[in-house]
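Colleague: requesting a structural model of the entry that follows:
(2 chains)
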2 protein chains.
Amino acid sequence: MSLTTVKEALAIILNNEQNFGTENIDFEKSLGRVLKEDIIADRDFPPFDRVSMDGIAINIDTFKKGQTNFKIEGIQAAGDAQKTLQNTANCLEAMTGAVLPKNTNAVVQYELLKIENGIATLETDVIKDFQNIHKKGLDRKQGAILIKKNTKISAAEIGVFATVGKTTVKVAKQPKVMIISTGNELVKVSEKPADFQIRRSNVFTLVAHLKKLNINAQTAHIEDDKKMLSQKIETFLNEYDVLLFSGAVSKGKLDFIPEILNNLGVKKLFHRVKQRPGKPFWFGKKVYAERSRNGNTTVFAFPGNPVSTYVSCLKYFYPWYYKSVGLNFENKNKAILSEDFYFKPDLTYFLQVTLKNVDGKLMATPVSGKGSGDLANLVDADAFLELPDDKSNFTKGEVFPIITYR
Amino acid sequence: MSLTTVKEALAIILNNEQNFGTENIDFEKSLGRVLKEDIIADRDFPPFDRVSMDGIAINIDTFKKGQTNFKIEGIQAAGDAQKTLQNTANCLEAMTGAVLPKNTNAVVQYELLKIENGIATLETDVIKDFQNIHKKGLDRKQGAILIKKNTKISAAEIGVFATVGKTTVKVAKQPKVMIISTGNELVKVSEKPADFQIRRSNVFTLVAHLKKLNINAQTAHIEDDKKMLSQKIETFLNEYDVLLFSGAVSKGKLDFIPEILNNLGVKKLFHRVKQRPGKPFWFGKKVYAERSRNGNTTVFAFPGNPVSTYVSCLKYFYPWYYKSVGLNFENKNKAILSEDFYFKPDLTYFLQVTLKNVDGKLMATPVSGKGSGDLANLVDADAFLELPDDKSNFTKGEVFPIITYR
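Modeller: You can find the predicted model right below:
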């Protein structure tokens, strides 16, 4: 059976992006979401000539005529309506964040003053026009686009939402995701497994991976029974935007998933990828013409080995999600191999590595594991270095794509 | 007034780490938290000789004697109790994840077989002992430490918790944090500001910064009124582990915070740091001997300018938090300046930059902003490059510490 290359597989996946729609949410809850509108400056920033140091506001003409003592008329505090310097030979104390008082055009900071008996005396010979004044509109003009649509929201964007009064923001809706494990050898985490059983773990690592994307996924476990699998999967296909499977896609007698998906009208887009771990990966989609929300349910059926599922979600689901919500994300991150490495099979190899930033260079050091079943090994690593399938000798100092998970 | 250097300030802060205690939580909710117990293998991994490819399990002695056809006795599926190959001249089909059947010691994958009329015929001349069998205990032995105390929990750790049946895990408690804004010029996000007012934004960027650490902070706004400030801050000191202020720490007439904190028994550990932005930063702590939880409330009083507050939280609060919960985190990340830059003042400068990974090298490109009030500029950047105070000319290719926020 011919294998799809990693590059082809990713291209097919990205060609099958999905639109989840948009929703308006409280700006305080938008961290990590993807903005779906431009954010416009509702006024100039700063919105007024803004005092940027604590000190006195004067009319600089008076200084230019040689005056160095200024009687203090009062205080212009932040949050006060604009005051007026009544006599331009005097001054007003002015606080950071305050409006510049009328009839003044420079602020002299306290550090350069002596104040006694209500008189401020300059201890400097140099005062510049509009010194310590952040001019109205200097940062941004009213109507300017402050944040562009399709930006991932960080703390900086949240600050801007607050500043312009955007109490609710339009963001990409998150997909409804169902994560399904299969395999009769699996028992609940709270159970004590028999000698021939193990506990479920893949659904929980997948849930955690998706939580990092702010997706709250549902989970289910289905026994290796064709009829039950078929019934439940049909229901899930109807109710969810995405199904993530873990297991039952290989060549085993009970690996029913590809057949069942086919019978339920899910179109296979590829099965089996030229990679280790994760070769039996199956990907497809079902088009529901009648659904208004969108036409598709996308199915990522990962192999059941813990490391296979783990890395495949990062390598394939993550970019598919990013593209679907409008980020047009492409992972261009690379790292430098810190020691020689040899991998013979004609497969792309996702090598577990620790990452270290050495003087601005990302150095990747292999962490030897025991194969795709060795979940505990991931604890000792930080990332996967993606070694291409067209060679076997990977040399210290060579640069390869990196997929991080911490 | 003498300024504390950035290095000294960070050292003082890290010397005043705080213990928030521990708690036991559901393992599914532990992503991003810090583990406070070792996680031990409750059994060998794999817990049994595990079939790692779908195919037939045989007794290799039969093969060594020249036999190439094997009658199929039955199937050993994953989740079945261990079966026994009754006649060593025969085979059992065996599925990935299954226990290796008794009397067998090699698995031949389907790819190397032809099966007809219940007889499997080998299409290979080479079979190795224990081929396609993941031996019991190969990955980890029962009793081995799989995850060490003081590990930050990622998807990998969650998978291991599930595998060993840790339904609840002991983690570092999060600090109770109150974020307080002051400044009479500030109005609510939902209000339309008068000409001389602006909306609050710093508390929301701080909340977002803390949310990335999985801390759910509370917020409050207090008017610039000495009595009210004093009363409310006293209450907050009693109720919270940490207070984060934004504003009122400079030289203005209404910058009451340092004085009030002093009056309330909060010991100043430094005030004013040799940095831009954020020079007026004040840091201190109050020791409550009578409190059993811990002795301290730690106070970070950041300057009110948006960029000052923003970067100071990342530079100082983040490492303090990491050390407090046991991560002993030190930011060793660095980036390479991609163009010459000049900054004259004798201050550490937190330069806003975009970051790009170019062949494994992190390149930092300055984003020119309009100073510490220009919040919108942060939207165009990814990080702060920390330029030391002992020089003014920073040259393309030089390497400096980097603080990222996306």
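
Colleague: from here on, contacts and neighbour counts on C-alpha atoms
Modeller: Fine.

Colleague: now tell me which helix or strand of chain A has the poorest mean pLDDT.
Modeller: helix A:376-379 (a mean of 92; mean pLDDT, DSSP states H and E).

Colleague: what comes up buried for the longest helix along chain A?
Modeller: Longest helix in chain A, counting residues (DSSP state H): helix A:226-239. Buried residues in helix A:226-239, counted by 16 or more other C-alpha atoms under 10 Å in any protein chain shown: A:229-230, A:233-234, A:236-237.

Colleague: helices or strands up against the next helix or strand after that helix?
Modeller: Tracing the chain C-terminally past helix A:226-239 and defining elements by DSSP states H and E, one meets strand A:242-246 next. Judged by 3 or more C-alpha pairs under 8 Å, 6 or more residues apart in numbering or on different chains; DSSP states H and E, the packing partners of strand A:242-246 are strand A:177-182, strand A:296-302.

Colleague: quick one: buried residues of the longest one?
Modeller: Residues of strand A:296-302 classed as buried by neighbour count (16+ other C-alpha under 10 Å): A:296-302.

Colleague: just checking: which of those residues also lie near chain B?
Modeller: Applying C-alpha under 8 Å from any C-alpha of the partner chain to the buried residues of strand A:296-302, one finds that nothing falls near chain B.

Colleague: max pairwise distance over the residues you listed: which two?
Modeller: A:296 and A:302 (18.8 Å; C-alpha to C-alpha).

Colleague: contact partners for the spatially closest residue to residue A:110 that is not a sequence neighbour?
Modeller: If the residues on either side of it in the chain are set aside, residue A:110 comes closest to residue A:55, at 4.6 Å by C-alpha to C-alpha, 6 or more residues apart in numbering or on different chains. Residues near residue A:55 by C-alpha atoms under 8 Å, 6 or more residues apart in numbering or on different chains: A:93-95, A:107-110, B:252.

Colleague: looking at these, which is nearest residue A:285?
Modeller: residue A:95 (61.6 Å).

Colleague: distance check, the nearest residue to that closest one once chain neighbours are set aside against residue A:75.
Modeller: Excluding the flanking residues, the one nearest residue A:95 by C-alpha to C-alpha, 6+ apart is residue A:54, at 4.5 Å. The gap separating residue A:54 from residue A:75 is 11 Å, by C-alpha to C-alpha, to the nearest Å.

Colleague: returning to that earlier point: read off the pLDDT value for the residue nearest to residue A:110.
Modeller: Per-residue pLDDT puts residue A:55 at 96.

Colleague: how many residues are close by residue A:295?
Modeller: Counted with other C-alpha atoms under 10 Å in any protein chain shown, the neighbours of residue A:295 add up to 17.

Colleague: surely it and residue A:288 touch.
Modeller: Yes: between residue A:295 and residue A:288 there is a contact under C-alpha atoms under 8 Å: 4.8 Å.

Colleague: do stretch A:383-403 and chain B meet?
Modeller: Yes: on the criterion C-alpha under 8 Å from any C-alpha, stretch A:383-403 is in touch with chain B at A:399-400.

Colleague: so how far is that stretch off the chain centroid?
Modeller: Relative to its chain's centre, stretch A:383-403 lies at 25 Å (C-alpha atoms, centre = their mean, to the nearest Å).

Colleague: swap in stretch A:14-21?
Modeller: 17 Å.

Colleague: wait, does stretch A:216-236 contact chain B?
Modeller: No: Stretch A:216-236 stays clear of chain B (C-alpha under 8 Å from any C-alpha), getting no nearer than 9.6 Å.

Colleague: and the contacts of that stretch?
Modeller: A:176-184, A:203, A:207, A:210-211, A:243, A:254, A:256, A:260-261, A:264.

Colleague: and stretch A:339-347, by the same measure?
Modeller: A:274-276, A:349, A:365-366, A:388-397.

Colleague: before we move on, what about stretch A:2-17?
Modeller: A:269-275, A:283, A:316, A:319-321, A:323-324, A:348.

Colleague: got a ChimeraX select line for the buried ones in those residues?
Modeller: Burial among those is assessed by 16+ other C-alpha under 10 Å; the matching ChimeraX selection reads:
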select /A:270,271,272,273,274,275,283,316,319,320,321,323,324,348
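
Colleague: just the ones of the contacts of stretch A:2-17 in helices?
Modeller: A:319-321, A:323-324.

Colleague: where do the strands sit along the stretch 251-400 of chain A?
Modeller: Along the stretch 251-400 of chain A, the stretches classed as strands by DSSP state E, counting those that start in this stretch are A:267-271, A:275-276, A:282-287, A:296-302, A:334-337, A:341-342, A:348-358, A:361-366, A:383-387, A:393-394, A:399-404.

Colleague: so which of these comes closest to residue B:312?
Modeller: strand A:348-358 (22.4 Å).

Colleague: list the contacts for residue A:172?
Modeller: Counted by C-alpha under 8 Å, 6+ apart, residue A:172 has contacts A:20-23, A:33-36, A:325.

Colleague: rewinding a little: mind saving the C-alpha coords of the least confident helix or strand of chain A as CSV?
Modeller: Extracted in CSV, the C-alpha atoms of helix A:376-379 (Å, rounded to 0.1, in the frame of the first residue of the first chain):
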residue,chain,number,x,y,z
ALA,A,376,6.9,8.5,29.9
ASN,A,377,9.7,9.5,27.6
LEU,A,378,7.7,12.6,26.6
VAL,A,379,8.1,13.9,30.1
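
Colleague: got the contact list for it?
Modeller: Outside helix A:376-379, the residues touching it (C-alpha under 8 Å, 6+ apart) are A:307, A:352, A:367-370, B:139, B:146-147, B:156-157, B:160.
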